[in-house]
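> I would like the atomic coordinates for the input below:
(chains A and B)
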Amino acid sequence: MKKERITPRGENYSQWYLDVIREADLAENSIVRGCMVIKPNGYALWEKIQENLGRMIKETGHRNVYFPIFIPKSLLNKEAEHVEGFAKESAVVTHHRLKLNSRKELMVDPASRLEEEVIVRPTSETIMYDSFARWVTSYRDLPILINQWSNIVRWEMRTRLFLRTSEFLWQEGHTAHATHDEAEEEALKMLKVYKDFVEEYMAVPLISGEKSEGEKFPGALRTYTIEAMMQDCKALQAGTSHNLGDNFAKAFDITYLDKNNEKKYVWQTSWGASTRLIGALIMTHSDDRGLVLPPKMSETQVVIIPIWKTQEERKSVEKVCSKIESDLQKEGISTSTDYRDYLTPGFKFNDWEKKGIPVRIEIGPKDVEKKKAVVCRRDTNEKKSVEFKNIPKNVKNLMEDIQSDMFKKAKNFLNDNTHEIENFEDFKDFFKNKRGFVKAFWNQSKESEGEIKYATGASSRCLIGEGNGKCIFTGKPAKQKWVFGIGY
RNA sequence: CGGGGAGUAGUUCAGAUGGCUAGAACGCUGCUUUUGGGAAGCAGAGGUCGCAGGUUCAAGUCCUGUCUCCCCGACCA
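Below is the predicted model:
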């Protein structure tokens, strides 16, 4: 029996998002508050990120490390802004033992109270930089270029699968350099790596630039961001890269002797991207039939659906399927054939559409006879009949077409919903009725940012360029052009 | 932490003013017929009605307490 389609976008965007995740079997809420269970289909997406972003991180000279999940409270306390930024969302370990009480119930053993509480890492700057202080003594030890794949805990009040969970997976890079300029170059280089990965592999178009004072990372000198636009026109911060200046070097006493035997502080960067990227992928491309995956992010790129009535037909169809499957694999295309015999073809079509598999090939008795198969692309639902011998080449081209068409479609959407606005009345008017990115000149200050947010719900996303114009808020001459939007 | 809503089968929910053996749909198991866009019939399995008290001849339903979850805000990748 036909079930209702996935909730249409627009009516209830957040419900639609959750439906896509459920129907594609990516993840579910855990019984642990605010945490997420990532199921195999969802984890496969994370593995694509690890594989490709991970390779790009290594290619830029960084090596992987692992630091403890626990951070002594005293370490977290060392950088003033940093503490303040994370204090409100920390999970704290206070005891190390449980015991059974007289009713055989488990309880915390009060005798096991830790002398110093440890914090479950909300990010690893502090625990890593404590080590950096010992690793660095000479200019010859620099630069330090490391990366860590790990989980992170931030005790958020409100959570949402992939976008904001109390525990999430991420990658965090940490570097130390001899000079400010070298650190700045590194921060920008890694922002570029993120942008390249997200646009090229995930087909998610971005705007990128520096964050405002109010939005920057606690403890950073400057924060750079990549921002994506979701289909409800809200902005999603998809990754950040920070120039930490010498703030942490001073707090953790990370110093080296330079060529002139002078003691200097190091200059640092950190940068991270998380499972939120998966949320960005889902919200950028999915439609009312479910998830849509770009070929470069899909574990299975082509699914083959065999169709038969009689056992004889089944034999000849399966023979053709396995030939086509091996032909495709020779072209480097990952395939899967759905041989489940207790389901109808219609059910399977729908099943794989919900999962976002880029291309479906239908092969039945009619096709075997004509030596042609029906090839259907997920992103446009376009079907065509292709001769068996042409399938490998055809599908290979289709992979590239889908990848670039998905990017173009999302890019057009972003452009169509980006506007230039020059005065605050129009600005307020815009966010009253619509959503999207607004480019405007702005003399940034924490106070005006707060007032803009109060009046419109929008906040600055990033600085995108210089020029001459009038500040959107004060009307005074301004040189910086910013992008504003309603954020996730 | 503010404002709403909900806890009943694996899932989504229905069970009005208390009343017979607690229901449906989907899912699950078996058999049969099906199979080119979410198949159909028949037969089954599956429940401490969130938890703890109380009122009553009788509580999923009323009262008190308590816990949890969801949605919208404030906070954040």
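> excluding chain neighbours, what is closest to residue A:353?
In this structure, residue A:353 finds its nearest non-sequential neighbour in residue A:289, 5.0 Å apart by C-beta to C-beta, 6 or more residues apart in numbering. Every residue, glycine included, has its C-beta placed from N, CA and C.
> give me the phi and psi for that neighbour.
With angles defined as degrees, to the nearest 10, residue A:289 sits at phi -100, psi 0.
> that one and residue A:352 touch, don't they?
No - using C-beta atoms under 8 Å as the test, residue A:289 is too far from residue A:352 to be in contact (10.5 Å).
> looking at those two, which one has more neighbours?
Using other C-beta atoms under 10 Å as the criterion, residue A:289 and residue A:352 rank with residue A:352 on top: 23 against 16.
> list the buried residues of the helix or strand harbouring the more buried one.
Assigning secondary structure by DSSP states H and E places residue A:352 in helix A:345-355. Buried positions in helix A:345-355, judged by neighbour count with 16 or more other C-beta atoms under 10 Å: A:348, A:349, A:350, A:351, A:352, A:353, A:354, A:355.
> how far off centre is it?
With C-alpha atoms, centre = their mean, to the nearest Å as the basis, helix A:345-355 stands 26 Å off its chain's centre.
> got the contact list for that helix?
A:6, A:23-25, A:41, A:289-291, A:293, A:303, A:305, A:307, A:338, A:340, A:343, A:360, A:362, A:364, A:378 (C-beta atoms under 8 Å, 6 or more residues apart in numbering).
> please flag which of these sit within helices.
With DSSP state H as the criterion, helices contain A:23, A:41 from among the contacts of helix A:345-355.
> restrict the contacts of helix A:345-355 to those near RNA strand B?
Filtering those for neighbours of RNA strand B using C-beta under 7 Å from any atom of the strand leaves A:6, A:23, A:289, A:307, A:343, A:360, A:362, A:364.
> list phi and psi for the last one.
Same thing as residue A:364. phi -130, psi -180.
> let's see the pLDDT reported for it.
We note a pLDDT of 96 for residue A:364 in this prediction.
> show me what contacts residue A:298?
By C-beta under 8 Å, 6+ apart, residue A:298 lies in contact with A:48, A:334, A:356, A:357, A:358.
> alpha carbons of the helix or strand residue A:312 falls within, as CSV, please.
Element membership for residue A:312 (DSSP H and E) is helix A:311-330. The C-alpha trace of helix A:311-330 is given here as CSV (Å, rounded to 0.1, in the frame of the first residue of the first chain):
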residue,chain,number,x,y,z
GLN,A,311,12.1,-18.3,-12.5
GLU,A,312,13.4,-18.6,-16.1
GLU,A,313,13.2,-14.8,-16.4
ARG,A,314,14.9,-14.4,-13.1
LYS,A,315,17.8,-16.4,-14.3
SER,A,316,18.4,-14.5,-17.5
VAL,A,317,17.8,-11.1,-15.7
GLU,A,318,20.3,-11.9,-12.9
LYS,A,319,22.9,-13.0,-15.4
VAL,A,320,22.6,-9.6,-17.2
CYS,A,321,22.6,-7.7,-13.8
SER,A,322,25.9,-9.3,-12.7
LYS,A,323,27.5,-8.6,-16.1
ILE,A,324,26.5,-4.9,-15.9
GLU,A,325,27.5,-4.7,-12.3
SER,A,326,31.0,-5.9,-13.0
ASP,A,327,31.3,-3.6,-16.1
LEU,A,328,30.4,-0.6,-13.9
GLN,A,329,32.8,-1.7,-11.2
LYS,A,330,35.6,-1.8,-13.8
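> show me what that helix is packed up against.
Here helix A:311-330 touches strand A:302-306, strand A:335-337, strand A:359-363, helix A:365-370, helix A:391-416, going by 3 or more C-beta pairs under 8 Å, 6 or more residues apart in numbering; DSSP states H and E.
> contacts for that helix, please.
By C-beta under 8 Å, 6+ apart, helix A:311-330 touches A:302, A:304, A:306-308, A:335, A:337, A:339, A:361, A:363-365, A:367-368, A:373, A:388, A:391-392, A:395.
> taking helix A:391-416 as reference, get the angle to it.
Interaxial angle, helix A:311-330 versus helix A:391-416 (axes from the mean of the first three to the mean of the last three C-alpha atoms, to 10 degrees): 70 degrees.
> got the buried residues for helix A:311-330?
For helix A:311-330, by 16+ other C-beta under 10 Å, it's A:313, A:314, A:317, A:318, A:320, A:321, A:324, A:325, A:327, A:328.
> over to stretch A:446-465?
Those would be A:448, A:449, A:452, A:453, A:456, A:458, A:459, A:460, A:461, A:462, A:463, A:464, for stretch A:446-465 by 16+ other C-beta under 10 Å.
> would you mind measuring from the fifth one to residue A:215?
For residue A:456, the distance to residue A:215 equals 15 Å [C-beta to C-beta, to the nearest Å].
> repeat for the second one
For residue A:449, the distance to residue A:215 under the criterion C-beta to C-beta works out to 8 Å.
> any residues in contact with both of the two?
In contact with both residue A:449 and residue A:215: A:459, A:460, using C-beta under 8 Å, 6+ apart.
> tell me the domain ranges of chain A?
Annotated domains of chain A cover A:13-285, A:300-398, A:418-485 [automatic domain parsing].
> save those domains as a markdown table, and put in distance to residue A:411 too.
What follows is these, written out as a markdown table (distance: least, C-beta to C-beta, whole Å):
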| stretch | distance to residue A:411 |
| --- | --- |
| domain A:13-285 | 4 |
| domain A:300-398 | 14 |
| domain A:418-485 | 11 |
